[in-house]
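Trainee: got a predicted structure here, sequence first:
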Amino acid sequence: MVSEGTSEKDLLQACINGDKHAWDLFVEQYTNLVYHTIQKIFKIYRPDFFYQDLEDLHNNVFLSLMENDCRKLKQYKGTNGCSVSSWIMVITTNITLNFIMRKKSHISLDDAEDDSKSLRETIADPQPSVIDQVEDSERMVLLKELIEGLSANDKLFLQYYYIEELPPEEIAEIMSITVSAIYSKKSRIIEKLKKIAKRKNLLQGI
Amino acid sequence: MDNYDNILKKLIKTDYQRPANMSDCLSEEMLAAYLDNLLSGVDKEKVEGHLTSCKVCLKKSIVQHRIMKEVAKEETLKAPLEVTLRAKKLKGQSKIENLVEVVLAFAKDNIRVLRDSGTLIRPLELVLEGGRQSSTKEQNNVVYLQKQFDGVKAEVLIEKIDNLNCDIEVKTIDVLSGKLIDNIRINLALDDRELASFLSVNGKVSYKNVSPGSYALIFVHQGNVLGKILLRLEVE
């Protein structure tokens, strides 16, 4: 019998097993978080939202968890210590963003205060645009190989920094490092590339 | 921005939009664990490797992080009661959840359950203790099923009346009040062909002299299908 003291995983398992009481407890436990998350996303990305949309999305989040024989609920494993709360927030955000993208084509999801390319465009059209095409000179190909040689962590940092142009504080938060580490990381990567490039004589004329 | 910044920006851009296989995208749990800084080693490398090649997930990671931060900033809002109740009612609404199959076998002197896909069979003793009027029925000749749909509980009593026929009585009960409710339409279909369609009156619908076959009891309220019970009656 589930109760308020039941562990998150046991509660989910009871829901999967069809325990109505467990489902009620589960809803009670996460209803506020789901509601608050949707409301927050709306306020940032769609300030003219309708409360009915908020309520419908709240329902859709819980429906998505239990439909198709609880397919989504069964996906949660709790490995790496991921909490059900964080997992549900990611699900809620995905569902809400998809809803906003379907409803309003002009809203930028990148940043409410930033009119740069929207997430909608990104998701809808993941193909390279013309401006993203670069010269494919032999030199650039070789330099690109250098980038390929960087760790995934370094490459991701460069993408957040140069392409997404996120402020160092935000990169630091996402990548769980300090702000000062951001600058030293950048310097280290540049030095590393410089050394290799100079050794291979790749930077002449750039 | 110095020359190296420009070079790096250009290089990263060339590397940015490789199409990623969507089926390889990060699961919600992986992304949540990454943003909560719970990953290390191979798992972290795997997530970061994916983010460098999948623009969709990269963008989502940024938005997700912003939302998580914003939500954590203030006290969590309280969801309105009716919104929470609506979500609670979802249990039992999914089509799979509401489709249950029961196979009953007629033998010479009894009727019994061969199998069922849900947990809707209740021992008859409990039913009798619960005050059913048909307490004089011989237990060997009766099978009792119950299934809860959205807000409505269906009680189905199948009584063998001779070697080849049974009567089926369906009661419709409001889950919240526990009272019998009317105007639930119950269709009886044989091999997808509708045989009868009745509205519950005094909370009941009865079908007489039902012979072996594959039936569906379909519960409909205000045009919406609440659920189905597939009932297969076999002769042993």
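Mentor: Cool, got the structure. Computed from a prediction, not measured in an experiment: that's the story for all the values here. Numbers count the residues shown, from 1 in each chain, chains lettered A, B, ... in the order given.

Trainee: for the rest of this, base every contact and every neighbour count on C-alpha atoms.
Mentor: Fine.

Trainee: quick one, strands of chain B?
Mentor: Ranges of strands in chain B, per DSSP state E, are B:99-106, B:111-116, B:142-148, B:152-162, B:165-174, B:185-190, B:193-199, B:204-210, B:213-221, B:224-235.

Trainee: okay if I get these as CSV plus mean pLDDT?
Mentor: Conversion of those to CSV gives the following (pLDDT from 0 to 100):
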stretch, mean pLDDT
strand B:99-106, 69
strand B:111-116, 67
strand B:142-148, 80
strand B:152-162, 85
strand B:165-174, 90
strand B:185-190, 87
strand B:193-199, 83
strand B:204-210, 90
strand B:213-221, 85
strand B:224-235, 79
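
Trainee: indicate which one of these is closest to B:Arg66.
Mentor: Nearest to B:Arg66 among these is strand B:224-235; the distance by Cα to Cα comes to 40.0 Å.

Trainee: now the angle between strand B:142-148 and that closest one, please.
Mentor: If you take axes from the mean of the first three to the mean of the last three Cα atoms, to 10 degrees, strand B:224-235 sits at 160 degrees to strand B:142-148.

Trainee: just to revisit the earlier point, got a markdown table for the strands of chain B, with mean neighbour count and distance to chain A too?
Mentor: Compiled in a markdown table, the strands of chain B are given as follows (neighbours: other Cα atoms under 10 Å in any protein chain shown; distance: least, Cα to the nearest Cα, whole Å):
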| stretch | mean neighbour count | distance to chain A |
| --- | --- | --- |
| strand B:99-106 | 19 | 11 |
| strand B:111-116 | 16 | 15 |
| strand B:142-148 | 20 | 10 |
| strand B:152-162 | 21 | 13 |
| strand B:165-174 | 20 | 16 |
| strand B:185-190 | 21 | 24 |
| strand B:193-199 | 14 | 26 |
| strand B:204-210 | 17 | 25 |
| strand B:213-221 | 19 | 19 |
| strand B:224-235 | 20 | 14 |
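
Trainee: A:Lys43: which of those strands is closest?
Mentor: In terms of Cα to Cα, the element of the strands of chain B nearest to A:Lys43 is strand B:224-235, at 34.2 Å.

Trainee: quick one: the strands of chain B as JSON lines, columns for distance to A:Lys74 too.
Mentor: JSON lines is the format used below for these (distance: least, Cα to Cα, whole Å):
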{"stretch": "strand B:99-106", "distance to A:Lys74": "20"}
{"stretch": "strand B:111-116", "distance to A:Lys74": "23"}
{"stretch": "strand B:142-148", "distance to A:Lys74": "22"}
{"stretch": "strand B:152-162", "distance to A:Lys74": "26"}
{"stretch": "strand B:165-174", "distance to A:Lys74": "30"}
{"stretch": "strand B:185-190", "distance to A:Lys74": "33"}
{"stretch": "strand B:193-199", "distance to A:Lys74": "36"}
{"stretch": "strand B:204-210", "distance to A:Lys74": "37"}
{"stretch": "strand B:213-221", "distance to A:Lys74": "28"}
{"stretch": "strand B:224-235", "distance to A:Lys74": "23"}
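
Trainee: what is the rounded mean pLDDT of stretch A:181-192?
Mentor: What stretch A:181-192 shows for mean pLDDT is 86.

Trainee: what sits up against it?
Mentor: Residues from elsewhere that reach stretch A:181-192 (Cα atoms under 8 Å, 6 or more residues apart in numbering or on different chains): A:154, A:158, A:168, A:171-172, B:4.

Trainee: go with 10 Å
Mentor: Residues from elsewhere that reach stretch A:181-192 (Cα atoms under 10 Å, 6 or more residues apart in numbering or on different chains): A:146-147, A:150, A:154-155, A:157-158, A:161, A:168-169, A:171-172, A:175, A:179, A:193-197, B:4-5, B:7-8.

Trainee: next one: stretch B:81-91
Mentor: Stretch B:81-91 is contacted by residues A:15, A:18-21, A:23-28, A:30-32, A:35, A:54-56, A:58-63, A:66-67, A:70, B:78, B:97-98, B:148-151 when judged by Cα under 10 Å, 6+ apart.
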